[in-house]
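In: Test case, fold it:
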Amino acid sequence: MAERWWSRGGAAYAVYRATSRAASPLVYLFVQWRRLRGLEHPTRWRERLGEPSFPRPAPGTPLLWFHAVSLGEGLSAIPVIKRCVEQRPEIAVLLTVTTVSAFEVIKERLPCGVIFQFAPVDTYDAVNRFLGFWSPDAVFLIESELWPNLIFSSATKGSTMEAIRFQLLSAPPVIINFCGDLKYAVGDFNMSEKELTTLEDLRVDISGRRVWMASSLHCGEEKVFMQIHKALAKIHPALLTIIVPRHVEHGRKIKRELNQQGISAVLRSSVEKISPGTAVYIVDTLGELRTLYRLTPIAVIGGSFLPEMKGHNLSEATAAGCAVLTGPFVGHFSNMIRQMSAVDRLSVWQVNGREELLEALKQLLGDDLALEARRAAAKKAFSAVSGDVVSRVWELISTHILAEQPRLERRN
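Out: From the prediction side, this is the model:
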């Protein structure tokens, strides 16, 4: 495989490698600049330069490296990692991410013993420093994290390369195995004690109120949902709208705009709790969507109401049994919507814009039977299309990677 890559893209890669190598001193300064701005971990930033923070597993222990760029991809890898640890506890697992926000959320959810650190930036020196120390036996790339130095250096050092959910470069179809979409793996999560406590506390706070949630909102979309809230509040005076911005720093801006319009809003990051007078609850924290989807009966998925947007994953909301709505701009998530709608046309309600969304929410908030039908359809569709994707991924890992363990152990 390595020879084929070199024959097809060797010249372009040679230029990329030389450029990235020459830029290494600038990359060091760039990482320092990001650290000072809070964009890199304050104490573990050296990992971005390929330096380890933990010892490598004992000689002879096969090491599987899972790499994900950020929170969503990292969370989708966790069920597979858990299955690896359960089935083959003697194998070491390394997970890397690139963002601090992903690191802070995921570190609390990994099985005991999994090595977790930041991935190196894609310079020749950083990647080779990382690979030289860890020497992984197999590399699993989640989503589209296809960096040239990472891929070529891993291949030339003998690591087995696999791509989950992605056709890796120009790999021939005969060696590509599609085992399902890991975005559906959300159904394999169990809630922690902390999440269960949070859920019960919030249920007490909102008891007896009509509730709906707008999740993963991008800048600009808040204006749509503010108008929707004001219209719905005229019909349901005790209505509680939950807003979950895609970027937590956006929460304070939303609160200011709501307060300027005389709408009472509370930030989850503050110590203030939801009161009977709270109209909008803004969740400006990370990693809580899973819990919130189990709190609200209605979930409107953001990132889909402005033309430049491409939607977000609906599977967590459908798995939780929410009545799920989304806007017209959904990008490649249109395939997920088609799959679910084929199972049950009530599973996902795709609206054309603000007016249609308002009418849909009026119906769901005013008709309990219609709401329950949508919720049941969403859960049914998720169950049908998700299958057991984690088991299928594990089967491929076991068959194509771990079956070669004697060879891997000799290499170690």
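
In: neighbours around the spatially closest residue to residue 354 that is not a sequence neighbour, how many?
Out: Excluding its sequence neighbours, the residue lying closest to residue 354 (C-beta to C-beta, 6 or more residues apart in numbering) is residue 224, at 5.1 Å. Quick note: C-beta positions are derived from backbone N, CA and C, even for glycine. Look at residue 224: counted by other C-beta atoms under 10 Å, it has 20 neighbours.

In: Can you tell me the SS state at residue 224?
Out: Classification of residue 224 by DSSP: H, G, I helix; E, B strand; the rest coil places it in helix.

In: Do I have it right that it meets residue 356?
Out: No - look at residue 224 against residue 356 with C-beta atoms under 8 Å: they stay out of range, at 11.5 Å.

In: elements contacting the strand or helix carrying residue 233?
Out: Assigning secondary structure by DSSP states H and E places residue 233 in helix 222-235. In terms of contacts (3 or more C-beta pairs under 8 Å, 6 or more residues apart in numbering; DSSP states H and E), helix 222-235 is packed against strand 211-217, strand 240-245, helix 250-260, helix 354-366.

In: thinking again about what came up before, can you pull the pLDDT of the residue nearest to residue 354?
Out: At residue 224, the pLDDT value in this model is 93.

In: so which of the helices and strands packed on helix 222-235 comes closest to residue 228?
Out: Closest approach to residue 228 among the helices and strands packed on helix 222-235 (C-beta to C-beta): helix 354-366, 5.5 Å.

In: Which strands and helices lie in contact with the helix or strand just after that closest one?
Out: For helix 354-366, the following helix or strand on the C-terminal side (DSSP H and E) is helix 368-386. Judged by 3+ C-beta pairs under 8 Å, 6+ apart, helix 368-386 is in contact with helix 315-319, strand 323-326, helix 334-343, strand 348-350, helix 354-366.

In: hmm, who's touching the third one?
Out: Looking back up the chat, that one is helix 334-343. Contact partners of helix 334-343, identified using C-beta atoms under 8 Å, 6 or more residues apart in numbering, comprise 181, 183, 311, 313-315, 318, 326, 330, 347-348, 350, 378, 380-382, 384-385.

In: which residue sits closest to the residue most central in space within the chain in space, ignoring its chain neighbours?
Out: The centroid of the chain falls nearest to residue 72 when counting by C-alpha atoms, centre = their mean (0.8 Å). Spatial nearest neighbour of residue 72, chain neighbours left out: residue 313 (6.8 Å); criterion: C-beta to C-beta, 6+ apart.

In: okay, now that neighbour: neighbour count?
Out: By other C-beta under 10 Å, 20 other residues sit near residue 313.

In: Over to residue 327?
Out: Counted with other C-beta under 10 Å, the neighbours of residue 327 add up to 23.

In: Can you read off the backbone torsions of it?
Out: In terms of degrees, to the nearest 10, the main-chain angles of residue 327 are phi -80, psi -170.

In: Check residue 111 too.
Out: Here is the backbone geometry of residue 111 (degrees, to the nearest 10): phi -60, psi 150.

In: how far away is it from residue 82?
Out: 5 Å (C-beta to C-beta, to the nearest Å).

In: neighbour-wise, which of those two wins?
Out: Between residue 111 and residue 82, counted using other C-beta under 10 Å, residue 82 has the larger neighbour count: 20 against 14.

In: So that one, which state does it fall into?
Out: Under three-state DSSP, residue 82 comes out as helix.

In: The chain should start at 828 in everything you say after this.
Out: Right, with 828 as the first residue, what we last looked at is residue 909.

In: wait, isn't it in contact with residue 939?
Out: No - counting by C-beta under 8 Å, residue 909 does not reach residue 939; the two are 10.7 Å apart.

In: Show me the helices in the stretch 878-1027 of the chain, by range?
Out: Counting by DSSP state H, counting those that start in this stretch, one finds helices in the stretch 878-1027 of the chain at the ranges 898-914, 927-933, 951-961, 975-983, 1020-1032.

In: want to try a markdown table for those helices, with distance to residue 871 and mean pLDDT as columns?
Out: Output for the helices of the stretch 878-1027 of the chain, formatted as a markdown table (distance: least, C-beta to C-beta, whole Å; pLDDT from 0 to 100):
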| stretch | distance to residue 871 | mean pLDDT |
| --- | --- | --- |
| helix 898-914 | 16 | 88 |
| helix 927-933 | 8 | 89 |
| helix 951-961 | 13 | 89 |
| helix 975-983 | 19 | 67 |
| helix 1020-1032 | 23 | 86 |
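
In: you'd agree residue 1054 is up against residue 1184?
Out: No - if you go by C-beta under 8 Å, residue 1054 and residue 1184 don't touch, sitting 9.8 Å apart.
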